[in-house]
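>>> Turn this into a model:
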Amino acid sequence: MRPEKRRELATRRHWRVRRKVIGTAARPRMSVCFTNENIYVQFIDDAKGVTLASASTRSKTLPDRDNLSANVNCARRIGTLAAAAATAKGIKEVVFDRGDGRYHWSKGKDGKLVHGKLAALAEAAREAGLKF
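Predicted coordinates:
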């Protein structure tokens, strides 16, 4: 697939999701962005246009941030870190905004269910106490 077409499909997917997902002060939008090297999570109140809390692989509070990248293991760590940042600000319920990422499950070579970075991040945030 041509890169232009792939980017166009990602943009359409992103706006299809954003049309339906709106954050409020009671339930902010948990926006997730993956780049090739980093993972970013923000909790956004769309009514005021304010970011309430955030977490990323570039955060200076992480002890070994030089070893972090955009993979499934780091997505789990960032999910728990994001949930901790949200609960510190008093956020308990969120609306999940996956952006242009695809939330998918697939079967691995051994037949077990394997999930991608987005699902791993969401699962870790749920386990840390956030409600979607």
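
>>> Could you measure from the residue nearest in space to the middle of the chain over to A122?
Against the mean C-alpha coordinate of the chain, by Cα atoms, centre = their mean, the closest residue is V32 at 3.0 Å. From V32 across to A122, the span is 8 Å (Cβ to Cβ, to the nearest Å). For the C-beta atoms, the positions are set from N, CA and C on the backbone; glycine is no exception.

>>> Just name whatever secondary elements the strand or helix carrying E123 is in contact with.
Remark: E123 resides in helix 117-127, with elements defined by DSSP states H and E. Judged by 3 or more Cβ pairs under 8 Å, 6 or more residues apart in numbering; DSSP states H and E, helix 117-127 is in contact with strand 29-34, strand 39-45, helix 72-88.

>>> In TSV: those, plus distance to T51 and mean pLDDT.
Shown next, in TSV, are the helices and strands packed on helix 117-127 (distance: least, Cβ to Cβ, whole Å; pLDDT from 0 to 100):
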stretch	distance to T51	mean pLDDT
strand 29-34	9	92
strand 39-45	5	95
helix 72-88	11	93
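
>>> ok, N38 touching L62?
No - N38 is beyond contact range of L62, at 11.5 Å (criterion: Cβ atoms under 8 Å).

>>> Residues that sit against both of those two, list them.
Residues within reach of N38 and of L62 at once, by Cβ atoms under 8 Å, 6 or more residues apart in numbering, are L68.

>>> so which of the helices and strands packed on helix 117-127 comes closest to E8?
Smallest distance to E8 across the helices and strands packed on helix 117-127 (Cβ to Cβ): 18.1 Å, for strand 29-34.

>>> Which one of the helices and strands packed on helix 117-127 lies nearest to R16?
Closest to R16 of the helices and strands packed on helix 117-127 is strand 29-34 (Cβ to Cβ; 15.0 Å).

>>> buried ones in the closest one?
Buried positions in strand 29-34, judged by neighbour count with 16 or more other Cβ atoms under 10 Å: R29, M30, S31, V32, C33, F34.

>>> any idea which of the residues you listed is the one closest to Q42?
When those are compared for distance to Q42 (Cβ to Cβ), S31 wins out at 4.7 Å.

>>> Just confirm the closest one contacts D97, I think it does.
Yes - at 4.6 Å, S31 counts as touching D97 under the criterion of Cβ under 8 Å.
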